[in-house]
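> sequence plus the predicted model coming up.
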Amino acid sequence: MGRCATAEEARERISAALDAIDAAHAVLRDTSSDVVGNRFRVDVAERLETQDRTNRGLMYRFFAEIAEPPDRSESVPAVREMLWARLRLTPREIIRRFKLAARIRPQRSLTGPPLPPELPELAAAVEAGAVGEDHIRAVCGAMDVLPSCVSPSDAADAERTLVQHATKLDSGIVTKLGQRIADYLNPDGRFDDNDRARRRGLHLGPQGPDCMSRLSGLLDPEARGHFEAIEAAVRPGRHQPDSAQPETLDRRTPAQRCHDALKLGLETAIASDKLGVHRGHPVTVIATTTLADLNQAAHAVADPSVPMPTAAHTGGGSRLPMRDLIRMAAKAIHYLAVFDDHTGRPL
């Protein structure tokens with residue numbers, strides 16, 4: 001990588017290159033492509049895709065430098081706030097880019113030369129613009145499922161093979177190849193506690209228009225054992241929704257009972273008062289609303305002609321429909337923070 005003598009020279013050179021790219025984009029937008037023919041359009045599509053991937057590699061380079069700046073001039077949280085405002089990306093996407101950049105960019109060493117990337121073959125392909133985001137996910141996913149019993153040399157060979165195919169084939173084929181490599185290197189399916197601890201995790205997706213959230217991830221054996229015990233308690237006919245009578249036929253699907261088992265476990269854990277404190281208060285659900293909305297919701301529950309007000313907000317920032325809020329508040333205390341309509345002062 002070329003270097004400039006001073007920071008000012010580097011800034012000028014990078015800015016000039018970006019200005020040239022912006023000018024080239026303006027020419028492309030202003031030039032009609034109605035008469036060039038599909039063969040030429042395919043050539044252009046290939047070049048644009050390569051340029052897009054090259055830009056993505058440069059983006060990861062700068063994200064890695066932001067996370068670990070050589071000058072240590074600014075705090076990373078402050079720069080992340082700046083990225084969120086300027087790039088208009090979700091915090092989750094910003095974190096994802098930082099994590100991936102840490103895997104495919106050299107790591108700075110406190111003493112000595114920089115350390116090589118965790119995935120050097122993938123790093124080179126990303127920098128060259130030879131692979132796209134789907135390829136990156138496929139290669140990383142295939143490497144992540146390899147257990148610790150696989151030797152470093154075998155893991156390096158697997159990465160090299162995956163990247164070589166990623167530069168020639170689509171990501172779906174790379175994913176299948178990764179599965180075949182995992183089966184070959186780990187035919188007996190040997191995984192230890194470190195492997196399971198490394199792969200465990202749950203991802204809570206954003207709320208949809210109906211306030212529902214998608215949950216995905218991997219449970220370790222201990223967590224699954226706990227969940228299976230709670231799931232057994234929510235067998236057909238038991239622990240039905242509050243609106244259902246005990247003698248009512250249980251029409252829930254197995255997936256719905258799994259959901260209700262998870263909710264029951266979380267409610268029981270919070271009600272146990274054994275989760276300690278957070279910011280000086282017992283761990284519980286905090287919901288914020290106004291006195292007017294709470295009053296209107298109370299009337300709406302009894303009178304269907306009264307419209308239900310907008311949802312309250314939890315301490316975690318999610319939306320909580322007023323019917324759910326009232327149902328939750330009826331079971332426990334310290335659930336609700338009510339604010340005055342005009343002054344905004346807590347009541």
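Nice, thanks for sending it over. Bear in mind that the values here come from a model prediction, so they are computed numbers and not experimental data. Residues are numbered from 1 along each chain as shown.
> all helices for the chain, in order.
Using DSSP state H, the helices assigned to the chain run over residues 7-30, 38-67, 76-87, 91-104, 120-128, 133-144, 152-166, 171-185, 193-199, 221-233, 254-271, 291-302, 322-329.
> could I get the ones you listed as TSV with mean pLDDT, mean neighbour count and distance to Pro282?
For the C-beta atoms, the positions are set from N, CA and C on the backbone; glycine is no exception. As requested, the helices of the chain are exported to TSV (pLDDT from 0 to 100; neighbours: other Cβ atoms under 10 Å; distance: least, Cβ to Cβ, whole Å):
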stretch	mean pLDDT	mean neighbour count	distance to Pro282
helix 7-30	93	10	51
helix 38-67	92	14	35
helix 76-87	82	12	28
helix 91-104	90	16	27
helix 120-128	94	20	46
helix 133-144	94	19	37
helix 152-166	95	17	46
helix 171-185	94	16	45
helix 193-199	87	13	29
helix 221-233	92	13	22
helix 254-271	90	14	9
helix 291-302	84	15	22
helix 322-329	82	17	15
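> which among those helices is found nearest to Val277?
Closest to Val277 of these, according to Cβ to Cβ: helix 254-271, at 12.8 Å.
> just the CA coordinates of that closest one, formatted as CSV?
This file holds the C-alpha atoms of helix 254-271, laid out as CSV (Å, rounded to 0.1, in the frame of the first residue of the first chain):
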residue,chain,number,x,y,z
PRO,A,254,-46.2,-26.5,18.4
ALA,A,255,-44.4,-23.3,17.4
GLN,A,256,-46.8,-21.1,19.2
ARG,A,257,-46.4,-23.2,22.4
CYS,A,258,-42.6,-22.9,22.1
HIS,A,259,-43.1,-19.1,21.9
ASP,A,260,-45.3,-19.2,25.0
ALA,A,261,-42.8,-21.4,26.8
LEU,A,262,-40.1,-18.8,26.2
LYS,A,263,-42.3,-16.0,27.4
LEU,A,264,-43.3,-18.0,30.5
GLY,A,265,-39.6,-18.6,31.3
LEU,A,266,-38.7,-14.9,30.9
GLU,A,267,-41.7,-13.8,33.0
THR,A,268,-40.9,-16.3,35.7
ALA,A,269,-37.2,-15.2,35.8
ILE,A,270,-38.2,-11.5,36.2
ALA,A,271,-40.8,-12.3,38.8
